[in-house]
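Chemist: would you be able to build a 3D model of this:
(one chain, ligands or ions: 1)
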Amino acid sequence: MENTVLANGLSMPMEGFGVFQVPDPEVCEQAVLDALASGYRLIDTAAAYMNEKAVGSAIKKSGIDRSEIFVTTKLWIQDFGYEAAKKAIQTCLDNLQTDYIDLLLLHQPFGDIFGAWRAMEEAYKAGKLKAIGVSNFYPFMLENFLLNVDIKPMVNQIEIHPFFIREKDIEFMKANNIQPEAWGPLAEGKFGIFTNPVLERIAKKYNKSVAQIVLRWDIERGVVVIPKSTHKNRIEENIDIWDFSLTPEEVAEINSLDKGHSEIVDHFDPNFVKMICSLKIHD
Ligand code: NDP
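Modeler: Sure, this is the predicted structure:
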């Protein structure tokens, strides 16, 4: 396992474990326990996933020292704005049963992001957050954000997989000292990813699975990955990517699968913006 160093000097594992769409507390707790036992030291949750408590319990039960685990969570749009975010940060800490969060992200680029960010900056200065960042920000949104905040985001978590490779977006983030992190690194299992002939051929060469090749492709590009699975064998498989590397030609070949746009979510669609801005995760 390798680590990356964020703009503020914080060390962050290059691979972590995501728990989106694991609402059942027992299933989530077991998956996080399996992930920690398999060697993952980064867990990625969000207030909107409704499983922060299960993540916190698993970390406690694992017996692993809190300082060895990098915990990421995200504030939802409903909790944006200064006062609401201040309260929501405390709720995240309570749910995760911890006195600090390694990385807190603005989950989406909509709503009162600047008010929420001020609350995050304050909590960061108070030591309750070790790093702060954003998610789903396209470069033009990031540029506007960078021009208008005091503390710059250290991470941007965005959709990245072989069918949406985000080459220019990653370049822009790196130029601005923002660590790119891939959500949906396995394309959420969509678009026939696991039977794609290009990926299958490269997988065969290394005696690895397609999932392992795709995760390794992100690592070669300096992108942090957080694959999700609730199956122990896949959880173990997905972290077994640290004993081989891809050639630049293979990285380029995988890059050629790019469709140039997302077929999972469309942040440019007003109906999508309306839908997520009205999504309530609590009263
Ligand atoms: P992933 O790309 O990680 O894909 C998960 C899917 O792939 C699941 O259906 C899983 O099935 C399957 N899978 C996992 N490993 C394997 C394998 N080795 N072989 C075959 N199938 C496999 O999608 P996610 O959307 O979960 O993204 C990862 C994480 O990113 C999330 O969990 C979350 O933490 C974060 N995220 C953030 C978002 C944001 O807006 N910031 C949006 C979406 C995700 P199974 O579980 O049945 O094994």
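Chemist: need the contact list for the residue of the chain found nearest the ligand.
Modeler: At 2.4 Å from the ligand, Gly18 is the closest residue in the chain, using CB to the nearest ligand atom. In this view, the C-beta of every residue, glycine as well, is placed from N, C-alpha and C. Contacts for Gly18 were tallied using CB atoms under 8 Å, 6 or more residues apart in numbering; they are 44, 183, 226-228.
Chemist: tell me, how many residues neighbour the closest residue to Lys168 other than its chain neighbours?
Modeler: Spatial nearest neighbour of Lys168, excluding adjacent residues (CB to CB, 6 or more residues apart in numbering): Pro139 at 7.2 Å. Using other CB atoms under 10 Å, the number of residues around Pro139 comes to 17.
Chemist: with the one 5 residues further on instead?
Modeler: Applying other CB under 10 Å, we find 14 residues neighbouring Asn144.
Chemist: use 56 as the first number for this chain going forward.
Modeler: All right, first residue 56 from here; so that's Asn199.
Chemist: where's it, which helix or strand?
Modeler: helix 194-203 (DSSP states H and E).
Chemist: list the contacts of that helix.
Modeler: 164, 168-169, 172, 189, 192, 207-208, 211, 223-224, 227-228, 231, 233.
Chemist: low-scoring stretches of the stretch 56-205 of the chain, by residue?
Modeler: By pLDDT under 70, the stretch 56-205 of the chain has no low-scoring segment.
Chemist: please enumerate the strands of it.
Modeler: 58-60, 66-68, 72-73, 97-99, 125-130, 158-161, 187-190 (DSSP state E, counting those that start in this stretch).
Chemist: rebuild the ones you listed as CSV, extending it with distance to Leu254.
Modeler: CSV is the format used below for the strands of the stretch 56-205 of the chain (distance: least, CB to CB, whole Å):
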stretch, distance to Leu254
strand 58-60, 24
strand 66-68, 24
strand 72-73, 20
strand 97-99, 23
strand 125-130, 27
strand 158-161, 29
strand 187-190, 26
